[in-house]
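Student: Test case, fold it:
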Amino acid sequence: MFLRSLSAALVGCTLLLAPIAASAADRGPSTPEERAKALAIVKDNETNPLGPDAQEQRRWLLVWLTQVPDITVHACAIFDRLPKSGKKDSDLIFGQTVFSQAAFIIQNPGMKEDRLAEYQAGVEGALRVYEVLVKANPKDRQPYLDDLIQRREAGTLAQFVKERAEAACKN
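Tutor: Residues are numbered from 1 along each chain as shown. Model prediction:
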(Lines give C-alpha, C1' and ligand atoms only; values in the text may rest on other atoms or scores of the structure.)
Protein backbone atom coordinates (compact mmCIF):
# COMPACT_ATOMS: atom_id res chain seq x y z
CA MET A 1 0.00 0.00 0.00
CA PHE A 2 2.78 2.42 0.95
CA LEU A 3 4.61 1.83 -2.34
CA ARG A 4 1.46 2.31 -4.38
CA SER A 5 0.80 5.67 -2.74
CA LEU A 6 4.30 6.83 -3.66
CA SER A 7 4.11 5.88 -7.31
CA ALA A 8 3.45 9.33 -8.75
CA ALA A 9 6.11 10.96 -6.61
CA LEU A 10 8.73 8.35 -7.37
CA VAL A 11 8.41 8.09 -11.10
CA GLY A 12 7.11 11.51 -11.96
CA CYS A 13 3.90 10.31 -13.55
CA THR A 14 0.66 8.64 -12.60
CA LEU A 15 0.86 4.87 -12.53
CA LEU A 16 -2.17 2.78 -11.87
CA LEU A 17 -0.57 0.04 -9.84
CA ALA A 18 -3.71 -1.72 -8.63
CA PRO A 19 -3.85 -4.06 -11.66
CA ILE A 20 -0.14 -4.72 -11.29
CA ALA A 21 -0.47 -5.50 -7.60
CA ALA A 22 -3.42 -7.76 -8.33
CA SER A 23 -1.22 -9.78 -10.68
CA ALA A 24 1.39 -10.12 -7.92
CA ALA A 25 -0.61 -12.95 -6.42
CA ASP A 26 -0.04 -14.87 -9.64
CA ARG A 27 3.73 -14.74 -9.53
CA GLY A 28 6.30 -16.40 -7.36
CA PRO A 29 9.17 -14.86 -5.42
CA SER A 30 11.78 -12.64 -7.02
CA THR A 31 14.42 -14.32 -9.14
CA PRO A 32 18.17 -13.94 -8.66
CA GLU A 33 18.30 -12.05 -11.96
CA GLU A 34 15.59 -9.63 -10.85
CA ARG A 35 17.30 -9.03 -7.52
CA ALA A 36 20.60 -8.36 -9.31
CA LYS A 37 18.83 -5.91 -11.63
CA ALA A 38 17.16 -4.19 -8.68
CA LEU A 39 20.50 -3.80 -6.87
CA ALA A 40 22.11 -2.37 -10.01
CA ILE A 41 19.26 0.13 -10.37
CA VAL A 42 19.51 1.23 -6.75
CA LYS A 43 23.27 1.68 -7.03
CA ASP A 44 22.95 3.57 -10.32
CA ASN A 45 20.25 5.84 -8.91
CA GLU A 46 22.32 6.61 -5.83
CA THR A 47 25.20 7.80 -8.02
CA ASN A 48 23.30 9.17 -11.00
CA PRO A 49 19.72 10.04 -9.94
CA LEU A 50 19.17 12.36 -12.91
CA GLY A 51 20.62 10.03 -15.54
CA PRO A 52 18.84 9.46 -18.83
CA ASP A 53 17.46 6.08 -17.71
CA ALA A 54 16.85 6.92 -14.05
CA GLN A 55 13.12 7.58 -14.29
CA GLU A 56 12.45 4.39 -16.22
CA GLN A 57 14.65 2.43 -13.81
CA ARG A 58 12.72 3.77 -10.83
CA ARG A 59 9.47 2.88 -12.57
CA TRP A 60 10.64 -0.70 -13.14
CA LEU A 61 11.83 -1.01 -9.54
CA LEU A 62 8.60 0.37 -8.11
CA VAL A 63 6.43 -1.96 -10.18
CA TRP A 64 8.67 -4.92 -9.36
CA LEU A 65 8.52 -4.19 -5.62
CA THR A 66 4.72 -4.16 -5.76
CA GLN A 67 4.71 -7.53 -7.52
CA VAL A 68 7.21 -9.66 -5.64
CA PRO A 69 5.87 -11.33 -2.52
CA ASP A 70 9.25 -11.94 -0.88
CA ILE A 71 10.54 -8.37 -0.50
CA THR A 72 8.66 -6.03 1.80
CA VAL A 73 9.85 -2.51 2.49
CA HIS A 74 8.60 -1.05 5.77
CA ALA A 75 7.40 2.53 5.91
CA CYS A 76 8.71 4.85 8.59
CA ALA A 77 8.74 8.65 8.74
CA ILE A 78 12.43 9.01 9.56
CA PHE A 79 12.54 12.25 7.58
CA ASP A 80 10.29 14.32 9.80
CA ARG A 81 11.21 17.66 8.23
CA LEU A 82 11.78 16.84 4.59
CA PRO A 83 9.99 19.46 2.50
CA LYS A 84 6.62 18.44 1.17
CA SER A 85 6.10 17.01 -2.26
CA GLY A 86 6.78 19.56 -4.95
CA LYS A 87 9.97 20.94 -3.40
CA LYS A 88 12.77 20.39 -5.84
CA ASP A 89 14.16 16.87 -5.54
CA SER A 90 12.33 16.03 -2.28
CA ASP A 91 10.28 13.27 -3.89
CA LEU A 92 13.39 11.80 -5.49
CA ILE A 93 15.28 11.86 -2.19
CA PHE A 94 12.39 10.41 -0.21
CA GLY A 95 11.76 7.75 -2.86
CA GLN A 96 15.36 6.65 -2.62
CA THR A 97 14.80 5.68 1.01
CA VAL A 98 12.35 3.02 -0.20
CA PHE A 99 14.72 1.75 -2.87
CA SER A 100 17.76 1.71 -0.59
CA GLN A 101 15.73 -0.17 2.03
CA ALA A 102 14.81 -2.72 -0.64
CA ALA A 103 18.48 -3.09 -1.55
CA PHE A 104 19.30 -3.70 2.11
CA ILE A 105 16.67 -6.44 2.32
CA ILE A 106 17.97 -8.08 -0.86
CA GLN A 107 21.59 -7.96 0.31
CA ASN A 108 20.81 -9.07 3.87
CA PRO A 109 18.07 -11.70 3.70
CA GLY A 110 18.87 -12.88 7.20
CA MET A 111 18.13 -9.39 8.55
CA LYS A 112 14.63 -8.99 7.09
CA GLU A 113 13.25 -8.33 10.55
CA ASP A 114 15.89 -5.77 11.56
CA ARG A 115 13.79 -2.72 10.77
CA LEU A 116 16.26 -0.32 12.34
CA ALA A 117 19.03 -1.49 10.00
CA GLU A 118 16.58 -1.27 7.10
CA TYR A 119 15.63 2.30 8.01
CA GLN A 120 19.30 3.22 8.42
CA ALA A 121 20.06 1.88 4.93
CA GLY A 122 17.20 3.92 3.51
CA VAL A 123 18.39 7.15 5.12
CA GLU A 124 21.96 6.57 3.99
CA GLY A 125 20.85 5.91 0.41
CA ALA A 126 18.73 9.06 0.41
CA LEU A 127 21.66 11.10 1.71
CA ARG A 128 23.89 9.74 -1.07
CA VAL A 129 21.30 10.89 -3.64
CA TYR A 130 21.02 14.28 -1.94
CA GLU A 131 24.80 14.74 -2.05
CA VAL A 132 24.87 14.01 -5.78
CA LEU A 133 21.98 16.42 -6.41
CA VAL A 134 23.55 19.21 -4.34
CA LYS A 135 26.87 18.75 -6.10
CA ALA A 136 25.06 19.36 -9.39
CA ASN A 137 22.94 22.24 -8.00
CA PRO A 138 24.45 23.76 -4.82
CA LYS A 139 21.57 26.23 -4.47
CA ASP A 140 19.22 23.30 -3.77
CA ARG A 141 20.65 22.62 -0.30
CA GLN A 142 18.22 21.49 2.37
CA PRO A 143 19.42 22.36 5.89
CA TYR A 144 17.68 19.36 7.43
CA LEU A 145 19.52 16.95 5.13
CA ASP A 146 22.78 18.83 5.65
CA ASP A 147 22.29 18.25 9.39
CA LEU A 148 21.80 14.52 8.79
CA ILE A 149 25.02 14.42 6.76
CA GLN A 150 26.84 16.08 9.65
CA ARG A 151 25.35 13.47 11.99
CA ARG A 152 26.56 10.71 9.66
CA GLU A 153 30.06 12.19 9.60
CA ALA A 154 30.05 12.54 13.40
CA GLY A 155 28.89 8.95 13.84
CA THR A 156 25.55 9.92 15.38
CA LEU A 157 23.21 9.21 12.46
CA ALA A 158 22.39 5.70 13.67
CA GLN A 159 21.28 7.10 17.04
CA PHE A 160 19.14 9.70 15.26
CA VAL A 161 17.50 6.99 13.12
CA LYS A 162 16.87 4.87 16.21
CA GLU A 163 15.24 7.77 18.06
CA ARG A 164 13.09 8.73 15.07
CA ALA A 165 12.05 5.11 14.52
CA GLU A 166 11.07 4.76 18.17
CA ALA A 167 9.05 7.98 17.98
CA ALA A 168 7.45 7.56 14.57
CA CYS A 169 7.31 3.90 13.64
CA LYS A 170 5.64 0.78 14.86
CA ASN A 171 8.27 -1.94 14.81
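Student: Now for the closest residue to Cys76 other than its chain neighbours: which residues touch it?
Tutor: Taking Cβ to Cβ, 6 or more residues apart in numbering as the measure, Cys76 lies nearest to Cys169, with 3.8 Å between them; neighbours along the chain are not counted. C-betas here are computed from N, CA, C, even on glycine. For Cys169, the set of contacting residues under the criterion of Cβ atoms under 8 Å, 6 or more residues apart in numbering consists of His74, Ala75, Cys76, Ala77, Ile78, Arg115, Tyr119.
Student: By neighbours, which of those residues wins?
Tutor: Tyr119 (27 neighbours; other Cβ atoms under 10 Å).
Student: what about that one, distance to Ala158?
Tutor: When distances are taken as Cβ to Cβ, to the nearest Å, Tyr119 and Ala158 turn out to be 10 Å apart.
Student: Also Thr72?
Tutor: Taking Cβ to Cβ as the criterion, Thr72 is separated from Ala158 by 22 Å.
Student: In three-state terms, label Arg27 for me.
Tutor: For Arg27, the secondary structure call by DSSP: H, G, I helix; E, B strand; the rest coil comes out as coil.
Student: ok, now Glu131?
Tutor: What three-state DSSP gives for Glu131 is helix.
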